[in-house]
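Peer 1: Sharing a sequence plus its predicted fold:
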Amino acid sequence: MNSSLKRVAIIGGGPAGLMAAEGLAAQGVAVDVYDAMPSVGRKFLMAGRGGLNLTHSEAAAPFLARYGDRAAQIEPWLHLLDAGGLREWARQLGIETFVGSSGRVFPSEMKAAPLLRAWLARLRARGVRFHMRHRWLGWPAMVTPTAADLRFDTPDGVRSQAADAVVLALGGGSWAKLGSDGAWLPGLAAHGVGVAPLRPANCGFDVAWSEHFRQRHAGQPVKSVAMRAASSERARQGEFVVTENGIEGSLVYALSAPLRDQIDTAGHAVALLDLAPDWTAEKVMAAVTHPRGARSMSSHLQSRLGLTGVKAGLLRECAGADDFRDAQRLGGLIKALPVTLLRARPMDEAISTAGGVRFDALTPGLMLQALPGVFCAGEMLDWEAPTGGYLLTACMASGRVAARGVAGFLAGANA
């Protein structure tokens, strides 16, 4: 390789790091990717185990809104790589995609491995070099951090490497066994980088179920329901799973940010569950107050509303005996059943994390203002998004942004 080429070290071989590598290699930059794991893309492969949700077909405005209070920061990323651009990128790798019934976009073969293999083949063909089992050791506290002073713990001992710029794509703090352990955060903070504490996102929550309810319903899916945080009027419809300790699943993950924030503020959160989302409140009330004769209220609800199984169990668990004796109150609870959430599940169980490097610590090109020549990308930045392809799209788009920022830095322009 031409020794006069500018050399960039990318630390972290997930989607953000690989996309940064691709962007830089296409511009003739010499790229080395370092990862602590035996192979790259391990969390990417895990995410695709049940079908890789690459992105979402939602229109641009609602798509952007999924990023909540970080939408303004992420919007420029999506100008470089949006959902349509990501599908075209996959097509150029020989991977066709399709839109599922939920609007989510998947590879035609559903799996992540063929896409990752094609991607790595293209990167290697463009000269990208991969260094596995290289764990970055950070910068010592008394050393001024530079891209030219990188140390790695390798199978052959500690090795030092020099680069003209570095992209940190170290992931968040979930699924530590796949390489994202958040261990980088204190080191960056010690060198003056503004960071926010890592918190679980797209996570489940603990509920103090009774032993009776746990034994009867743990592991059962709750389908065709709607849920909202008590602090919000916006409900989402979908399904979730009752666990031994609480609740998890796609509907819970979609609401995890406001529920988690409510727990942080008040010490607990209340999720309001609509057990009959396709029925109006008036229709539910009419059904519940309809004369039931000698039937029990449980039999009456099963007959009139179809409330059986885990739904009936949830109503009995979360409503009191007095509520079952008052048809008016019970009808209201069927449309807004309070489930008290005690805490989020541990961060390492979460699909992703919030927190990380703050946006006010970064230039628009994702360079750390405190450390010139050092860029960040992916989930290690302080943003979050629900599942559905939004996480992966923004991670990969941030890699594109970082690559463009590095290229500008190497050319002497503002990053």
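Peer 2: That came through, no problem.
Peer 1: Please count neighbours and contacts with C-alpha atoms only from this point.
Peer 2: Noted.
Peer 1: where's Cys395 relative to Ser102, distance?
Peer 2: For Cys395, the distance to Ser102 (Cα to Cα, to the nearest Å) stands at 21 Å.
Peer 1: who's more crowded, these two?
Peer 2: Ranked by neighbour count (other Cα atoms under 10 Å), Cys395 and Ser102 place Cys395 first, with 24 against 10.
Peer 1: hang on, the more buried one packs against Gly14?
Peer 2: No: Cys395 is beyond contact range of Gly14, at 9.0 Å (criterion: Cα atoms under 8 Å).
Peer 1: so Val31 is in which element?
Peer 2: In the assignment (DSSP states H and E), Val31 maps to strand 30-35.
Peer 1: quick one: average pLDDT of that strand?
Peer 2: Throughout strand 30-35, pLDDT has a mean value of 97.
Peer 1: How about it, which residues are buried there?
Peer 2: Using 16 or more other Cα atoms under 10 Å as the test for burial, strand 30-35 gives Ala30, Val31, Asp32, Val33, Tyr34, Asp35.
Peer 1: do the same with stretch 362-377
Peer 2: Result for stretch 362-377 [16+ other Cα under 10 Å]: buried residues 362, 364-369, 371-377.
Peer 1: who's in contact with Met285?
Peer 2: By Cα atoms under 8 Å, 6 or more residues apart in numbering, Met285 lies in contact with Ala327, Gln328, Gly331, Gly332.
Peer 1: so which helix or strand takes in the second one?
Peer 2: Same thing as Gln328. If you go by DSSP H and E, Gln328 is part of helix 327-335.
Peer 1: One more: Leu273?
Peer 2: Leu273 belongs to strand 269-274, assigned by DSSP H and E.
Peer 1: ok, residues contacting that strand?
Peer 2: In contact with strand 269-274 (Cα under 8 Å, 6+ apart) are residues 225-230, 259-260, 262-263, 334-342.
Peer 1: Likewise for stretch 396-408?
Peer 2: 15-21, 23-24, 77-78, 80-82, 165, 167, 364-367, 373, 375-378, 414-415.
Peer 1: ok so, going back, mind listing the strands the strand holding Val31 pairs with, and their directions?
Peer 2: Here strand 30-35 is paired, per DSSP bridges, with strand 7-11 (parallel), strand 129-132 (parallel).
Peer 1: could you point out the longest strand in the protein?
Peer 2: Ranked by number of residues, the top strand in the chain under DSSP state E is strand 221-229.
Peer 1: Show me which residues of that strand are buried.
Peer 2: Across strand 221-229, burial judged by 16+ other Cα under 10 Å covers Pro221, Val222, Val225, Ala226, Met227, Arg228, Ala229.
Peer 1: in the sheet, who's paired with the last one?
Peer 2: Spelled out, it's Ala229. Assigned bridge partners for Ala229, using DSSP bridges, are Ala271.
Peer 1: which residues touch it?
Peer 2: By Cα under 8 Å, 6+ apart, the neighbours of Ala229 are Ala235, Leu255, Pro258, Leu259, Ala269, Val270, Ala271, Leu272.
Peer 1: at 10 Å instead, please
Peer 2: Shown in contact with Ala229 (Cα atoms under 10 Å, 6 or more residues apart in numbering): 235-236, 252, 255-260, 262, 269-273, 338-339.
Peer 1: and if you look at the second one?
Peer 2: The contact partners of Val222, by Cα under 10 Å, 6+ apart, come to 238-242, 247, 249, 251, 275, 309-311, 314.
Peer 1: pull the CA atoms of the helix or strand containing Val252 into CSV?
Peer 2: Using DSSP H and E, Val252 sits in helix 250-254. Output in CSV follows, covering the C-alpha atoms of helix 250-254 (Å, rounded to 0.1, in the frame of the first residue of the first chain):
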residue,chain,number,x,y,z
SER,A,250,-42.2,-4.6,20.6
LEU,A,251,-45.1,-2.6,22.0
VAL,A,252,-43.2,-2.0,25.3
TYR,A,253,-40.0,-1.1,23.4
ALA,A,254,-41.8,1.5,21.4
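Peer 1: got the contact list for that helix?
Peer 2: Contacts of helix 250-254 (Cα under 10 Å, 6+ apart): 66, 201-205, 222-223, 225-229, 235-241, 247, 256, 259, 271, 350-351, 385-388.
Peer 1: Tell me the helix or strand right after it.
Peer 2: helix 256-266.
Peer 1: how about that next one: buried residues?
Peer 2: Buried, per 16+ other Cα under 10 Å, within helix 256-266: Ser256, Ala257, Pro258, Leu259, Arg260, Gln262, Ile263.
Peer 1: which other helices and strands contact it?
Peer 2: strand 195-201, strand 205-206, strand 221-229, helix 250-254, strand 269-274, strand 337-341, strand 343-344 (3 or more Cα pairs under 10 Å, 6 or more residues apart in numbering; DSSP states H and E).
Peer 1: what about the helices in the stretch 301-415 of the chain?
Peer 2: 309-318, 321-324, 327-335, 390-410 (DSSP state H, counting those that start in this stretch).
Peer 1: angle of the last one against strand 7-11?
Peer 2: This points to helix 390-410. 150 degrees (axes from the mean of the first three to the mean of the last three Cα atoms, to 10 degrees).
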